[in-house]
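Visitor: got a sequence here, can you build the structure:
(chains A and B)
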Amino acid sequence: DTEVTQTPKHLVMGMTNKKSLKCEQHMGHRAMYWYKQKAKKPPELMFVYSYEKLSINESVPSRFSPECPNSSLLNLHLHALQPEDSALYLCASSQETGVGGTIYFGEGSWLTVV
Amino acid sequence: GQQLNQSPQSMFIQEGEDVSMNCTSSSIFNTWLWYKQEPGEGPVLLIALYKAGELTSNGRLTAQFGITRKDSFLNISASIPSDVGIYFCAGQVYGGSQGNLIFGKGTKLSVKP
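Guide: Numbers count the residues shown, from 1 in each chain, chains lettered A, B, ... in the order given. Coordinates of the predicted model:
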């Protein structure tokens, strides 16, 4: 089973709202990722968690706040977003980081900021 | 920085035709991955390549990891309408940005029944 589950599938939020995206995997993977994807573009890395610790933050604005409550869960907390933040947010996981563990993606959460 | 050049950018083919797309880079990668993404969905892993020169098949799909570790191709034989989507190559370097994927810009495949 190579499944990464993301909720919600679609989210519409105002610029003053606080919302969260959730991601779950039960493959025993120790690395989890958040990517952002705009239309017709490849995914862009936002954050990497390795063994539940944040190991990479690709200069993402503080209005995006990741959280890894345990090895199976990854959240992305959203606050005071801008319309240009509207995109597909992808969660991914792999066995390890840095040693070429194959990265598996979830189906994504479509975010629209109004 | 590391970049992947993926071509072609788009393809319009007739059902039943074979398809070929490739990625090249000036950098060496330890792993090459090929993903397919359909509208509204996340990327789905098609084939993972780990060894230089490796040739791997997955049904009608065949991919090879170049001997120099700087390129890879993906072939689809006897295309069908459900092959429609965007195909991304991605390279990965061990020990580098902690396994971050470097993506190509994608090849958009359209299949005419």
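Visitor: any idea what residue 67 is structurally, helix, strand or coil?
Guide: Defaulting to chain A. What DSSP: H, G, I helix; E, B strand; the rest coil gives for A:E67 is strand.
Visitor: ah, I was thinking of chain B
Guide: coil.
Visitor: for it, give me its contacts.
Guide: Taking Cβ atoms under 8 Å, 6 or more residues apart in numbering or on different chains, we find B:I67 in contact with B:A52, B:G53. C-betas here are computed from N, CA, C, even on glycine.
Visitor: what does the pLDDT read for it?
Guide: pLDDT for B:I67: 95.
Visitor: how near is it to B:Q3?
Guide: B:I67 sits 20 Å away from B:Q3, going by Cβ to Cβ, to the nearest Å.
Visitor: ok, now A:L78?
Guide: 30 Å.
Visitor: element containing the residue nearest the centre of chain A, please.
Guide: In chain A, the residue lying closest to the centroid (Cα atoms, centre = their mean) is A:W34, at 2.9 Å. Here A:W34 sits within strand A:31-37, counting by DSSP states H and E.
Visitor: do that strand and chain B meet at all?
Guide: Yes: in terms of Cβ under 8 Å from any Cβ of the partner chain, part of strand A:31-37 sits within range of chain B, namely A:A31.
Visitor: that older thread, pretty sure the residue nearest to the centre of chain A contacts A:Y89?
Guide: Yes: A:W34 is within contact range of A:Y89, at 6.6 Å (criterion: Cβ atoms under 8 Å).
Visitor: shared neighbours of these two, which are they?
Guide: By Cβ under 8 Å, 6+ apart, the residues touching both A:W34 and A:Y89 are A:L76.
Visitor: export only the CA atoms of stretch A:85-103, formatted as CSV.
Guide: Only the C-alpha atoms of stretch A:85-103 are listed here, as CSV (Å, rounded to 0.1, in the frame of the first residue of the first chain):
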residue,chain,number,x,y,z
ASP,A,85,-1.5,31.4,-2.5
SER,A,86,-4.3,29.6,-4.3
ALA,A,87,-2.8,26.4,-5.6
LEU,A,88,-2.8,22.6,-5.2
TYR,A,89,-1.0,21.6,-2.0
LEU,A,90,0.6,18.2,-2.2
CYS,A,91,1.7,16.1,0.7
ALA,A,92,4.3,13.4,0.1
SER,A,93,6.3,10.8,2.1
SER,A,94,9.3,8.6,1.7
GLN,A,95,11.1,6.0,3.9
GLU,A,96,14.0,8.3,4.5
THR,A,97,15.5,11.6,3.3
GLY,A,98,18.8,12.0,1.7
VAL,A,99,19.2,8.4,0.7
GLY,A,100,16.9,8.4,-2.3
GLY,A,101,13.8,6.9,-0.7
THR,A,102,11.1,6.9,-3.4
ILE,A,103,8.7,9.8,-2.8
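Visitor: I'd like the mean pLDDT over that stretch, please.
Guide: pLDDT averaged over stretch A:85-103 gives 85.
Visitor: give the buried residues for that stretch.
Guide: Neighbour counts over stretch A:85-103 (16 or more other Cβ atoms under 10 Å in any protein chain shown) mark A:85-95, A:97-98, A:100-103 as buried.
Visitor: any idea which helix or strand in chain B has the lowest mean pLDDT?
Guide: Within chain B, no helix or strand scores below strand B:101-103, which has a mean of 89 by mean pLDDT, DSSP states H and E.
Visitor: ok so, going back, now do the same contact list for the residue nearest to the centre of chain A.
Guide: A:C23, A:L45, A:M46, A:F47, A:F64, A:P66, A:L74, A:L76, A:Y89, A:L90, A:C91, A:A92.
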